Every structure is written in structure tokens, then in C-alpha cells.
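*Asks:* coords please:
(chains A and B)
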Amino acid sequence: MGAWIPPRWLRPALFVVSLIPAVWVVVALASDFFNGTRLLGSNPIKEAEHFTGRWVLRFLIVTLAVTPIRQTLGWNWLQRYRRMFGLFAFAYATLHLSIYFFLDLELVWGDLWADIVKRPYITIGMAAFLLLVPLAATSTAKMVKRLGGKRWARLHKAVYVVVVLGTIHFWMAVKRDITLPLVFSLIFALLLGYRLVNLRRRRAAWSTDERLAPRPLSSEA
Amino acid sequence: MLIKKPDDVRSSEITPEELYFGRREFLRAAGLLGVAAAAGGLSAAAASVGRRGSQEKDELTPFDDVTTYNNFYEFGTDKGDPAENAKSFKTKPWSVRIEGLVSKPATYNLEDFIKPYRLEERVYRHRCVEGWSMVIPWLGFPIADLIKTVQPLSSAKFIEFQTLFDPKQMPGQRAPLLEWPYTEGLRLDEAMHPLAIFAVGLYGKTLLPQNGAPLRTVIPWKYGFKATKSIVRIRFTDKQPRTAWNVAAPNEYGFYANVNPEVDHPRWSQAKERRIGEFRKRSTLMLNGYADQVGRLYQGMDLRKNY
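*Replies:* Numbering: from 1, shown residues only, chains lettered A, B, ... in the order given. Have a look, this model is predicted:
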């Protein structure tokens, strides 16, 4: 258990599978507008925004699920794909933002600024995206080395903030039917909750260790 | 006052169905051009496709879009849900009750309810509060005609419309998404305006359930949610009715809900809209382009406050 070595094709296979929704939405958008199809329904740009937004959250779920699965099921091999999943979350966020800015706002900077300033759900969504940027930028092995493992790990804790902001963004964007935001929130709560419990356990273990550790009898010097 | 220009889009401008279906073919051919343009860059492509509907013109929105992209929460919250879940919706028999401050309260069969009135085609712009719009050829008659027939008392100041409540047929009503049954209302003088109609059909056909069969209101200068679908009750009152979206989120949806590019929804701008089927957005017009006809209803009112 845990010693399983995944076949070489698994990485490219996961990569291609992860890319499918993005390719689909781009092709569907082009086809709807140039060929008059209705692959994305009557309002393709809106649908593409929502579609890519949901995929950002799904890839965040997959990324955050790696550690709990690894620790509970012992599937350590999953670890080697975590970075790729994280980068896909970033890629889908970029696509989401691009569709919003290029197609929905039609490149009008004034409208973008007005949205960011006036609409809290856009402000929050944008903050979530900006927070993802340094995480994506420091995802290479070189950057991990340059930052040092500890600092890198601390920086990448920001993903928890991204998750919270992203989920709030989703909640605020829906009009009335909160089913889907609720489902995503519950999953994220589970994934973040797991870490909290873990942290508390480790802290408890650590302080017990400390209490039991031999202490110097006196502290002059 | 005589309204000389009842429709902004005249009936003579309606595209006949054959021509309109031919448009799809034309668009498909244009697709080749579009792909070529795409190679030349996004903005070039956008410009070429943007002509699909000229920004100045109000082309009819295809029947497919009008009947599959609907907000009708009684049948589900996704735009495609109503067309899917309303397939077996029973609109026969159907009765409509008229009650409240009115001289002739009564319950009518739908057939009797409609019979006295002359149905006419009205091509209206339809603007959803979510920022998209359509152009729809409705079939119906002015609400004013009914009001004149049933004679409200002088104490009546508002008219209230109510949708059928039937969770067995309307699965959306099983969840407390909105206060059911869906209730909407108008000031009596708004309802008397000749542009405000009851619709029983669109595109020359009987209304489909997803569009509010068998009887709905259409108030073209207001956001779509001010319309009431599948109406079973019409009540005349002296108090402003509680209206569904206003009750659900009063800071976002007002009683008036007049289309107004200058008054933003708290979560999005209302300055522009996407006409379904068009690539580029267009500017939203004051009172959805019917300001000349209905503007007088709101003279001296602060439309920012009365949103």
C-alpha cells in the first residue's frame, strides 16, 4: 500500500482529461457564434462564464483532496499530480476571467473597474484570482528551492483563502437557487475541516511531547 | 390621451417564419467567414459576428430561444428547466378568478375570459433584470380591455396577478425559493396603459407552458419578472401588492422594476444588455425604449428610489 508506482501514461492522461472541459467550452463558444449552433444554449457567454467558474472550484477540490486521501488511504502516488491540478485550477480561473473581460465586458476597462469597485462579488472573485497568481508563479521546483520549503509551504496556505473567497463569490453571484454553492461549500468545509482537526491533533501531540520532554533543572546561564 | 404609436416594433417588421428559419442557413454560411475572421484576431471576429443582428434593429429572437431560455422558477431555476419540466403541464380546463374591489367579481373559464377581446400581435422588446433581452411577437389583448369590462371600484388603486399554485405540477414550488404562489402587481394606471397586455400566444401559436401558458401578462417597459405567468387570480386592491421578488430581496427588486439603464441592480450594471443571439452587447434604453409612450406614468417620481 502506498508503494504503488503509477504508470508513465497516467500524467499525460490526467492532463488531457483535465483539458477537455476547457477545449469543449472554447470550441462550443466559437461554434455557437460562427455556426449558429446552440451548444451552450441561448446565452453562450453567460453559460461559458458559469461553466468555467464551476471548473475552477472543482479543480480546487481535487487539489485540496490530495493530502487527505494520501493520509487516510495511503495513496501517496497522488502527491505527484497535485501541482498539475492546482495549475489547472489557475488555468480555469484565467479562462473564467478572460471570458468575463473579453467577451462579457468587451474589453471596456471602465466597466471592469466599476464592477470591481461597486460589486462585492466581483471584488471578491478578483481578489481570489490575484491570490492565485503568486501560487501559480511559485509552483516550479526552482521556486520551491529558492523560497525554501517552509516559506513556500506558508505562502501556499493562501489557497485556503482562495477557496473561501471563491466560494463566497459563487454564493453572491447566484440569484436565488443556492443548491450548487451549498454543495461546493460543504465539500470545501470537509476538506478544510480535515486540516483543522489534523492541525489541532498535531498541536496537542506536540504540547504533550513538550511536557514529557526532559527539562533542564535550572535555567541559569 | 391617444397613443399614436402603440408598438415600437411594428407588426409589419415581423420576419415571416420561413424567412426567419432561412436566417439560420445564412448564419451557417456566414460561419465560414467567421472562422476566417477568427484567424485574424478576436476583435475582428467579434466585429464580423456583431452584425448578426444590427445594433439598431430589433430582429425577432428565434422561436427556439424564446421557448427554451426561460425564467419560470415554478418549473426549476435553470433556464432550460421550464421547457423540460413543463411538458405535461395541464392548461385545460383553466379558470381565472376576478375578485377584490371590483363591480363584477367572477370566475371565468379561460375561453370565456378571452372571448370578448380581439387578439392582436404585439412585437415587444423583453428585458430581463439579469441583463439579457429578446424580441418577442406576442399574441394578446390589452389588460385595459379587461379592466373596462369588469369595472373596478373607485377605491381600487392596484391590480394583483397570481400564478397557479400546484406543487404536483410545478416542482419548483416544493422548495421555498420564492413566496408561492408567485404574485405580481401594477398600479391601476400602469395596467390601464395600452402597451400592457395579457398574452395567450407567441409566434402566432398558443402559448407554451414554459412561456406562461395559458395566460400571462406582458409589461414591456418593465423587467421580465414583473410579468405573471399561468395566471389564475386577478385581484383589485387599494394597497400596493406584495410582489414575489420584492418580498424575496427588497434591496434588489423593487415594486416598479422599470427598465432603467441609469439605476443599477446592486450586483450588476443595467446600462447594457445582451440581446439573445447577438455577440456584442447593446445599450439598454430608458423604459426599454418605450419612454415616449409610458414616461408620463412616472412624471415627478424619483426612479432611483422607486426602482
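*Asks:* now the helix ranked longest in chain A: average pLDDT?
*Replies:* Scanning chain A for the helix with the most residues, using DSSP state H, yields helix A:179-212. Summarised as a single mean, pLDDT over helix A:179-212 is 87.
*Asks:* output the contacting helices and strands for that helix.
*Replies:* Under the contact definition 3 or more Cβ pairs under 8 Å, 6 or more residues apart in numbering or on different chains; DSSP states H and E, helix A:179-212 sits against helix A:44-73, helix A:158-173. Glycine gets a C-beta too; all of them are placed from N, C-alpha and C.
*Asks:* tell me what angle that helix forms with helix A:158-173.
*Replies:* Here the directions of helix A:179-212 and helix A:158-173 differ by 150 degrees (axes from the mean of the first three to the mean of the last three Cα atoms, to 10 degrees).
*Asks:* in TSV, list the helices and strands packed on helix A:179-212 along with mean neighbour count, mean pLDDT and distance to chain B.
*Replies:* Output for those, formatted as TSV (neighbours: other Cβ atoms under 10 Å in any protein chain shown; pLDDT from 0 to 100; distance: least, Cβ to the nearest Cβ, whole Å):
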stretch	mean neighbour count	mean pLDDT	distance to chain B
helix A:44-73	19	96	7
helix A:158-173	19	96	7
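*Asks:* from residue B:85, how far off is the closest residue to chain A within the stretch 201-307 of chain B?
*Replies:* Here the stretch 201-307 of chain B gets closest to chain A at one residue, residue B:276, 5.0 Å apart by Cβ to the nearest Cβ. When distance is defined by Cβ to Cβ, to the nearest Å, residue B:276 is 21 Å away from residue B:85.
*Asks:* do residue B:293 as well
*Replies:* From residue B:293 to residue B:85 the distance is 36 Å (Cβ to Cβ).
*Asks:* do residue A:141 as well
*Replies:* Distance from residue A:141 to residue B:85, by Cβ to Cβ: 52 Å.
*Asks:* which one's more surrounded, those two?
*Replies:* Ranked by neighbour count (other Cβ atoms under 10 Å in any protein chain shown), residue A:141 and residue B:85 place residue B:85 first, with 20 against 8.
*Asks:* so how far is stretch B:125-135 off the chain centroid?
*Replies:* 8 Å (Cα atoms, centre = their mean, to the nearest Å).
*Asks:* to clarify, my last question referred to stretch A:20-39.
*Replies:* From the chain centre to the centre of stretch A:20-39 is a distance of 25 Å (Cα atoms, centre = their mean).
*Asks:* residue A:65 reaches residue A:192, doesn't it?
*Replies:* No. Contact between residue A:65 and residue A:192 fails when scored by Cβ atoms under 8 Å: they sit 11.4 Å apart.
*Asks:* residue A:5: what secondary structure?
*Replies:* coil (DSSP: H, G, I helix; E, B strand; the rest coil).
*Asks:* burial count for residue B:275?
*Replies:* 23.
*Asks:* whoops, residue B:117 was the one
*Replies:* 15.
*Asks:* I'd like to know how far it sits from chain A.
*Replies:* Using Cβ to the nearest Cβ, to the nearest Å, one gets 31 Å for the distance from residue B:117 to chain A.
*Asks:* and for residue B:247, nearest residue in space, chain neighbours not counted?
*Replies:* residue B:179 (5.1 Å; Cβ to Cβ, 6 or more residues apart in numbering or on different chains).
*Asks:* avg pLDDT for the helix or strand that contains residue A:113?
*Replies:* Assessed by DSSP states H and E, residue A:113 sits inside helix A:109-118. Confidence for helix A:109-118, expressed as mean pLDDT, is 92.
*Asks:* what comes up buried for it?
*Replies:* Across helix A:109-118, burial judged by 16 or more other Cβ atoms under 10 Å in any protein chain shown covers A:111, A:112, A:114, A:115.
*Asks:* OK, contacts around the third one?
*Replies:* Taking Cβ atoms under 8 Å, 6 or more residues apart in numbering or on different chains as the definition of contact, the neighbours of residue A:114 are residue B:269.
*Asks:* what do you get for the last one?
*Replies:* The neighbours of residue A:115, taking Cβ under 8 Å, 6+ apart as the test, are A:105, A:122, B:268, B:269.
*Asks:* among the residues you listed, who's most crowded?
*Replies:* Neighbour counts for the contacts of residue A:115, by other Cβ under 10 Å, peak at residue A:122, which reaches 20 neighbours.
*Asks:* which residues are contacting stretch B:81-91?
*Replies:* In contact with stretch B:81-91 (Cβ under 8 Å, 6+ apart) are residues B:67-68, B:70-72, B:74-76, B:110, B:169-172, B:208-210, B:213-214, B:230.
*Asks:* quick check: buried residues in that stretch?
*Replies:* For stretch B:81-91, burial by neighbour count (16+ other Cβ under 10 Å) applies to B:81, B:82, B:83, B:85, B:86, B:89, B:91.
*Asks:* any idea how far the residue most central in space within chain A is from residue A:192?
*Replies:* Residue closest to the average C-alpha location in chain A (Cα atoms, centre = their mean): residue A:60, at 2.9 Å. Plainly put, residue A:60 is 11 Å away from residue A:192 if you go by Cβ to Cβ.
*Asks:* need the residues touching each of the two.
*Replies:* residue A:163.
*Asks:* for the stretch 51-200 of chain B, what lies in contact range of chain A?
*Replies:* B:52, B:64-65, B:68-69, B:73, B:77, B:79-80, B:130, B:132, B:177-178 (Cβ under 8 Å from any Cβ of the partner chain).
*Asks:* filter those residues to the buried ones?
*Replies:* By 16+ other Cβ under 10 Å, those give B:52, B:65, B:68, B:69, B:73, B:77, B:79, B:130, B:132, B:177, B:178 as buried.
*Asks:* where's the dip in pLDDT among the residues you listed?
*Replies:* residue B:52 (48).
*Asks:* chain center to stretch A:188-207: distance?
*Replies:* That offset, for stretch A:188-207, works out to 20 Å (Cα atoms, centre = their mean).
*Asks:* buried residues, it. List them.
*Replies:* Using 16+ other Cβ under 10 Å as the test for burial, stretch A:188-207 gives A:188, A:191, A:194.
*Asks:* could I get those residues as a markdown table with distance to residue A:207?
*Replies:* Output for these, formatted as a markdown table (distance: Cβ to Cβ, whole Å):
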| residue | distance to residue A:207 |
| --- | --- |
| A:188 | 29 |
| A:191 | 25 |
| A:194 | 21 |
